[in-house]
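Peer 1: The following block contains a protein sequence and its predicted model.
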There are 4 protein chains.
Amino acid sequence: MGTLETPIALTNTLNVGLVHDALVTVMAERCAADHVAMHSINPVVGECNDSQLNAIVDRPIHEAHVREAIAGACRDFDEGDVGAGAGTVCHGLKGGIGSASRQIEIAGKTYTLGVLVQSNHGCLEELTVCNRRLGEEIIAKRNARPAPEPNDRGSIMMVTATDLPVSDRQLRRIIKRCSVGLARCGSYFGHGSGDVMIGFTTANRMPAGGMHRVIPQQVLTEHTLELAFRAIAEATQEAVLNSLCCADAVTAEDGRVFESISKYL
Amino acid sequence: MGTLETPIALTNTLNVGLVHDALVTVMAERCAADHVAMHSINPVVGECNDSQLNAIVDRPIHEAHVREAIAGACRDFDEGDVGAGAGTVCHGLKGGIGSASRQIEIAGKTYTLGVLVQSNHGCLEELTVCNRRLGEEIIAKRNARPAPEPNDRGSIMMVTATDLPVSDRQLRRIIKRCSVGLARCGSYFGHGSGDVMIGFTTANRMPAGGMHRVIPQQVLTEHTLELAFRAIAEATQEAVLNSLCCADAVTAEDGRVFESISKYL
Amino acid sequence: MGTLETPIALTNTLNVGLVHDALVTVMAERCAADHVAMHSINPVVGECNDSQLNAIVDRPIHEAHVREAIAGACRDFDEGDVGAGAGTVCHGLKGGIGSASRQIEIAGKTYTLGVLVQSNHGCLEELTVCNRRLGEEIIAKRNARPAPEPNDRGSIMMVTATDLPVSDRQLRRIIKRCSVGLARCGSYFGHGSGDVMIGFTTANRMPAGGMHRVIPQQVLTEHTLELAFRAIAEATQEAVLNSLCCADAVTAEDGRVFESISKYL
Amino acid sequence: MGTLETPIALTNTLNVGLVHDALVTVMAERCAADHVAMHSINPVVGECNDSQLNAIVDRPIHEAHVREAIAGACRDFDEGDVGAGAGTVCHGLKGGIGSASRQIEIAGKTYTLGVLVQSNHGCLEELTVCNRRLGEEIIAKRNARPAPEPNDRGSIMMVTATDLPVSDRQLRRIIKRCSVGLARCGSYFGHGSGDVMIGFTTANRMPAGGMHRVIPQQVLTEHTLELAFRAIAEATQEAVLNSLCCADAVTAEDGRVFESISKYL
């Protein structure tokens, strides 16, 4: 429908239903409190499969955690191995939640493009940090041999938020460029559950229902998108690196250690 | 991923999360019973918004109902105002679950295309039954005036199952033609939550994981799709009509009656 | 790019290149006359395969015909077996160029949606005129048997023009509903070169190049699209019927006669 | 239609029609020579806009050049500033035609993935050669300031050829990963005429027409695509670099020099 009706939630693959259900419950309560009749709601829930680290079938997430997450939403939030990033693995190291943003000036006004990622993708061998082939260095330091076949089978959720006045077509073109930031970190978009980009702008709000009418919107001239393309590529690259840098090492139940990138920087 | 991992479930908009979660639970139990480690599962859940008839925020569906539905799956099932069709409205009359199928012979072998719909779309004025403008007749009989603006804002789930040996591209081309059957009944694909086609074939099963290898598949020569296109258009038209014909009249809490089409045939 | 830079031209499959080239030539001349440096141009050329009636490899169309067509563009134009419709066959009868339009009032202002088709699709057996199964009647009158397999392998170009203030996403949703009008005439979107919808709005013009900036646009509230959906379905249905009604019978070189629908109405 | 019917031709934006027309002519002659009736043909023509270097409106390409190109097609071909690459500019340097390939072993058999590019994209500032920020080095050496706004507005044609037994869906997933190679060279997929990937496999040939029937195909198990994803990313990166390394410096009519990357390596 093109309109966000709930907070965007991130979780793991097996919790999508539960989180979706909890979002409906919370929104129903809010509507009841506001004396608004709720006839429909379409939650947005993203997921990565964190079964490398997490005993995923145990599903310890419950409605209370969703409520807690919504209540705790704030401007300054933790990154790394927190929330839906607690169990994710990125380029063979501990991944997680990361974010970054860029500001663009257009005709004297400043706009912001922010990206938040849940990083769970990539193989160690290809990890590249600002053009440094760090993954190969780590393999050398570990005295390990590169895997006979690199495993880039995970996925990453990339959520873009902006106040740029863009049409949905322009927004789609922008968020597709998240893939550039990903590739710069060494991803080749491996087979697996997918590299998912979603995004929204707070500009151009659409009224629901009401009389049939024509409403004004604001969009960028097409070539101005160039500025946004560059910004989103940079922000996504930085968000992925932040998700790595903010994450501490975690030991899986089977003893495998997923180290922090900070050990090697 | 292209591979069905659970039964396909249909429900209403606000139950999608709950049904998704229940499907994960059921599949996790089955895997445990089979001593198979479950690392991921991607349920398929379809929905229509049945809030015209149903007090949708009450959400009376629980995990037990999902288990019941899975246990009760069988070849000969009820159509009309049952299951996820209990609360749906189609072309201003009582809609619901409907199904139909066609058989195609190719090179001496018989294949089947079946369609199941959850009908919740269309406006009365445009209802057309086998080229008879029944909607206009009903409006005349009721001595009602046509609505100043017909309301085709609902949606319909159309699930196609076949044993035709087709590629995913061929399957996509086939299920798109469900829209032809819909249009023949008088739909113009109104704005709203959407007319959703999903489909699967039982041919060409893909092995999961294992060694890298090349596997054989079977597909139709391209022009043979013509037979399937015609079949799916007919089957969808019949499935929509079945969903109407098998449904009894239902009175909403606010007193509005959604009649059965059978009263007018 | 989303911006029309030339007239939209319709021709047959083998002339696409020639017509494209002629449009570039004409636009280059115009730019030269206007002392505008032309660095790029992206012509829009549609096509149907008219080889049932036309000795298509002879390719008698030349640049002069394209110039003539551009010079002759006007408000009141011929329909039926003219121009790119001279050789097309529709539902087994003589097809061609047809057009129709609808007007919509939104917030006190009147907008127009017009559709022009080049009809070259459909099988006789399924031809339906305002819910009358005319194709079956014609087969009966001819004392012919229905073809063992109906042949809906052709294609149709549908060009929508409007002054509705819509976003490109809204426009795409509108032109997709051309398919409803097509289905109402008996098409099931057969395999073949395709049923192609293109469209443009004269509202919301985008400036090319210049400073980076934000520009105003106007769009419809989403549910207002409903009016446009209904209008485009009706207009396309009428345009297809016009393409049939305005066409005279034509005899192919091999003696086969493609009759005019007017003989049977 | 999914089936290649002509050689794939690359040219500049204003020659697309002419080259399309010439391909039709050549194929019509071949069909006539083979006594095959030609009813349709759908040429594939790609293009970049080379107006930075080329006086594009002069259009010096004629049918004879297309014939020459077809006649001259061979295994060992020139790269760099040749053919459709004569006028292209890549990352601010002289671009052109480049190609590279990778071989993959699957179940004991060797398959090849080849990529040919017509490079006309990217800005100097972002040029990256094997993780070396060469663009920034060149700007420093030239004592130039980086452009206030990098100009990544061009486009690139990427043509993938393979003998991998893949479905069209698998092929689409593979060629999308060409973008990874592009990003590794410093592209962020700027606004402009676009980064176009096309591809074909010589496996799984589809018969045209004939009886309705089921035919065998071969596909890869899904996770085997991983090998192809990695290969296409590498091959595209190398093809872009080859297009640069094989190109000599060219001076535009207005005196601007587009240097060869070889000067800086």
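Peer 2: Happy to help now that I have it.
Peer 1: switch to C-alpha atoms for all contacts and neighbour counts from now on
Peer 2: Will do.
Peer 1: which parts of chain A sit against chain C?
Peer 2: A:106-107, A:165, A:167-169, A:206-209, A:212-224 (Cα under 8 Å from any Cα of the partner chain).
Peer 1: show me where the stretch 1-150 of chain A has helices.
Peer 2: A:16-33, A:63-71, A:134-141 (DSSP state H, counting those that start in this stretch).
Peer 1: most tightly surrounded among those?
Peer 2: Using mean count of other Cα atoms under 10 Å in any protein chain shown, the stretch among the helices of the stretch 1-150 of chain A with the greatest mean number of neighbours is helix A:16-33 (a mean of 20).
Peer 1: Give me the contacts around that helix.
Peer 2: For helix A:16-33, contacts defined as Cα atoms under 8 Å, 6 or more residues apart in numbering or on different chains pick out A:6, A:9, A:11, A:37-38, A:41, A:43-47, A:62-63, A:66-67, B:14-21, B:57.
Peer 1: same thing with stretch A:52-62?
Peer 2: So stretch A:52-62 is contacted by A:12, A:14-15, A:18-19, A:50, A:87-89, A:251-253, B:28, B:38-39 (Cα under 8 Å, 6+ apart).
Peer 1: which among these end up buried?
Peer 2: Applying 16 or more other Cα atoms under 10 Å in any protein chain shown to the contacts of stretch A:52-62, the neighbour count classes A:12, A:14, A:15, A:18, A:19, A:50, A:87, A:88, A:89, B:28, B:38, B:39 as buried.
Peer 1: Just want to check the distance between the fourth one and chain C.
Peer 2: By that I understand residue A:18. To chain C, residue A:18 is 30 Å away according to Cα to the nearest Cα, to the nearest Å.
Peer 1: Quick check, pLDDT for that residue.
Peer 2: If you check residue A:18, the pLDDT there is 98.
Peer 1: want to throw the buried ones among the contacts of stretch A:52-62 into CSV with distance to residue D:201?
Peer 2: Putting those into CSV (distance: Cα to Cα, whole Å) gives the following:
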residue, distance to residue D:201
A:12, 37
A:14, 37
A:15, 39
A:18, 43
A:19, 43
A:50, 35
A:87, 39
A:88, 36
A:89, 35
B:28, 40
B:38, 35
B:39, 34
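Peer 1: show me what contacts residue A:115?
Peer 2: Taking Cα under 8 Å, 6+ apart, one finds A:99, A:100, A:101, A:158, A:159, A:160, A:161, A:232, A:235, A:236, A:239 in contact with residue A:115.
Peer 1: could those residues go into TSV alongside neighbour count and pLDDT?
Peer 2: Converted to TSV, the contacts of residue A:115 look like this (neighbours: other Cα atoms under 10 Å in any protein chain shown; pLDDT from 0 to 100):
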residue	neighbour count	pLDDT
A:99	25	98
A:100	21	98
A:101	19	98
A:158	27	98
A:159	22	98
A:160	25	98
A:161	19	98
A:232	29	97
A:235	24	98
A:236	33	98
A:239	27	98
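Peer 1: Quick one: mark the members of those residues that sit in helices.
Peer 2: Among those, the ones falling in helices (DSSP state H) are A:232, A:235, A:236, A:239.
Peer 1: The first one is in contact with residue A:100, isn't it?
Peer 2: No - distance between residue A:232 and residue A:100: 9.3 Å, which falls outside the contact criterion (Cα atoms under 8 Å).
Peer 1: Residue A:5: how many residues sit nearby?
Peer 2: A count of neighbours around residue A:5, defined by other Cα atoms under 10 Å in any protein chain shown, yields 13.
Peer 1: For it, give me its contacts.
Peer 2: A:41, A:42, A:43.
Peer 1: Backbone torsions only: list them for it.
Peer 2: Per-residue torsions, residue A:5: phi -120, psi -10 (degrees, to the nearest 10).
Peer 1: before we move on, the earlier item: can you redo the contacts of residue A:5 as a markdown table with neighbour count?
Peer 2: Supplementary listing: the contacts of residue A:5 in a markdown table, determined by neighbours: other Cα atoms under 10 Å in any protein chain shown:
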| residue | neighbour count |
| --- | --- |
| A:41 | 17 |
| A:42 | 17 |
| A:43 | 22 |
